[in-house]
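Q: Sequence plus predicted model, see below.
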Amino acid sequence: MIVEGRPILQARNLRKLFPVGRGMLFAVDGVDLDIMAGQTLALVGESGSGKSTVGRCLVRLIEPTSGEVFLDGRSILGLNSVLLARQYRRVQMVFQDPNASLNPRMTVRQTLIEPLRLHLKMNRRTREARARELVEMVGLTTAHLDRYPNELSGGQRQRVGIARAVAVEPDVVILDEPTSSLDVSVRGQILDLLMDLQAKLNLAYLFISHDLQVVRHVSHRVAVMYLGGIVEIGPTAKVFSEPKHPYTRALLSAAPVAKWGVKRTRLRLSGEISSPIDLPDTCRLVGRCPFQQPVCSEARPKLVDIDQDHAVACPIVLAKTEGPPPFVGLLATPSVTAGAHPATLTQ
Ligand SMILES: Nc1ncnc2c1ncn2[C@@H]1O[C@H](COP(=O)(O)OP(=O)(O)OP(=O)(O)O)[C@@H](O)[C@H]1O
Ligand SMILES: [Mg+2]
């Protein structure tokens, strides 16, 4: 896939399985993604699809079960702890709930100074100057430096969380639903702040969100996750106006505001999301997809380019994009479970 720009953080075949009872929970199962320097890649998908687990693996809050992570082209999963800490200064995270992620016993100053001491080995005076600069950068004042988290509003706490993440001059920030715990009135301000900082500091973001309207507004590219895998990835404008994967189409159909895209059509999936435990090696949408064909149960579809920087993991969509063979016979005779072919529904 050709993506414009320079990849800064890349995942290849990233997997994270959790042992549960007698089985394995497939939280993340074979994720490939490229986060481009200075750009935002959004990660969307329903609850439990594995978005936060991808984020946590990328910042190494949890160890992936297998796969590769490259920072600036360099593999970092095999590094020893010293080298890893040095590299990992460059990848930071902002959490959904600043109440839970800030230490209630530390003032804002202490919260901001800690990473400076750990990662940048700044002396006391430089640290103080940097802490002052950081609060102002995120729209707070130096008076906030002496406050504890419980003396701040939700929006102010998230500003501190953001200041802590950018304190050590990272290249990439993983934003895990950074505004969803906040009052609606301050969400816009925090998003504006994030956009400002991206432009000023040339930050790359992985923006994990349920809010498709916000995603459409802030991200350059979007990756759609379903049950541990990415089913579609591409430029935001293209994915929103011409979603290809049945799951992406259903996800966009379910969004409350139907304004994006002329080619958008309603698509509902039947049934419920499957359990993520001991998943079979088939398309994860089998049983819910109206276009399902026997080929969907033969192997798990891989992401394949359908256009420059737009890839989809669906043999049915691919058959349509590539022209007649190899599935033409199959598509001409809809199976009992199959509904209309995507071609008939994209008008
Ligand atoms: N530590 C863990 N042990 C066992 N299972 C886990 C663990 N962490 C996550 N999971 C499971 O992994 C799957 C993916 O979880 P994850 O939190 O990544 O989803 P998500 O897409 O971020 O969901 P949400 O939108 O609700 O935040 C879920 O089925 C979840 O229950
Ligand atoms: Mg999550």
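A: Arrived safely. Small disclaimer: the values here were computed from a predicted structure and weren't measured. Ligands and ions are numbered 1, 2, ... in the order given.
Q: Need the phi and psi values for residue 10.
A: Main-chain dihedrals, residue 10, degrees, to the nearest 10: phi -130, psi 140.
Q: For it, list each beta-bridge partner.
A: For residue 10, the beta-bridge partners are residue 34, residue 70 (DSSP bridges).
Q: Enumerate the positions of the longest helix along the chain that are buried.
A: The residue-count maximum for a helix in the chain (DSSP state H) belongs to helix 184-201. Going by neighbour count (16 or more other CB atoms under 10 Å), the buried part of helix 184-201 is 186-187, 190-191, 193-194, 197-198. (C-beta placed from N, C-alpha, C; glycine too.)
Q: what is the mean pLDDT for it?
A: For helix 184-201, mean pLDDT is 96.
Q: angle of the helix or strand that it is followed by against helix 184-201?
A: Moving toward the C-terminus from helix 184-201, the first helix or strand encountered (DSSP states H and E) is strand 204-208. Angle, strand 204-208 to helix 184-201, by axes from the mean of the first three to the mean of the last three CA atoms, to 10 degrees: 160 degrees.
Q: what does strand 204-208 rub up against?
A: Here strand 204-208 makes contact (CB atoms under 8 Å, 6 or more residues apart in numbering) with 8-9, 35-44, 51-52, 54-55, 58, 171-178, 194, 198, 215, 218-219.
Q: Among these, which lie within strands?
A: The strands, defined by DSSP state E, take in 8-9, 35-36, 40-44, 172-176 from the contacts of strand 204-208.
Q: of the residues you listed, closest to residue 127?
A: Distance to residue 127, by CB to CB, is smallest for residue 173 among the ones in strands among the contacts of strand 204-208, at 20.8 Å.
Q: Name the residues of this protein found near ligand 1, please.
A: Residues of the chain lying close to ligand 1 (CB under 6 Å from any ligand atom) are 18, 20, 25, 27, 45, 47-53, 276.
Q: bridging residues for the residue nearest the centre of the chain?
A: By CA atoms, centre = their mean, the chain has its centre lying nearest to residue 43, at 2.7 Å. On the basis of DSSP bridges, residue 43 is bridged to residue 208, residue 223.
Q: in stretch 123-138, what counts as buried?
A: Buried residues in stretch 123-138 (16+ other CB under 10 Å): 127-128, 130-131, 134-135, 137-138.
Q: Correction: the previous question concerned stretch 58-73.
A: If you call a residue buried by 16+ other CB under 10 Å, then stretch 58-73 has these buried ones: 58-60, 62, 64-65, 67, 69-71.
Q: Can you pick out the most distant pair from these?
A: Among the buried residues of stretch 58-73, 65 and 71 lie farthest apart (CB to CB), at 19.4 Å.
Q: First-to-last residue distance for stretch 204-215?
A: Stretch 204-215 has its terminal residues 15 Å apart, counting by CA to CA, to the nearest Å.
Q: Relative to the whole chain's centre, how far out is it?
A: Its chain's C-alpha centre and that of stretch 204-215 lie 7 Å apart, by CA atoms, centre = their mean, to the nearest Å.
Q: Could I get the buried residue list for it?
A: Here stretch 204-215 shows 204-209, 211-212, 214-215 as buried, counting by 16+ other CB under 10 Å.
Q: from the residues you listed, which is closest to residue 147?
A: Closest to residue 147, out of all of the buried residues of stretch 204-215 and judged by CB to CB, is residue 205, at 26.9 Å.
Q: Please name the spatially closest residue to that closest one (chain neighbours excluded).
A: Nearest non-adjacent residue to residue 205, counting by CB to CB, 6 or more residues apart in numbering: residue 40, 4.3 Å away.
Q: what number of residues lie near the one you found?
A: Residue 40 has 23 neighbours, counted by other CB atoms under 10 Å.
Q: And the helices in the stretch 1-150 of the chain, which stretches?
A: 51-58, 81-88, 98-101, 108-115, 124-137 (DSSP state H, counting those that start in this stretch).
Q: scratch that, the stretch 151-300 of the chain is what I was asking about
A: Assigned by DSSP H, counting those that start in this stretch, the stretch 151-300 of the chain shows helices spanning 154-166, 184-201, 212-218, 236-241, 246-254.
Q: Averaged pLDDT, the third one. What do you get?
A: The average pLDDT within helix 212-218 is 93.
Q: what's that helix packed up against?
A: Using 3 or more CB pairs under 8 Å, 6 or more residues apart in numbering; DSSP states H and E, the elements in contact with helix 212-218 are strand 40-44, helix 184-201, helix 236-241.
Q: So what touches stretch 109-124?
A: Applying CB under 8 Å, 6+ apart, the set of residues contacting stretch 109-124 is 85, 89, 102-103, 106, 126-128, 130-131, 134-135, 145-146, 160, 163-164, 167-169.
Q: at 6 Å instead, please
A: For stretch 109-124, the external contacting residues (CB atoms under 6 Å, 6 or more residues apart in numbering) are 89, 127, 130-131, 134, 145, 163-164, 167-168.
Q: any weak-confidence spans in the stretch 151-300 of the chain?
A: Within the stretch 151-300 of the chain, the segments meeting pLDDT under 70 span 256-265.
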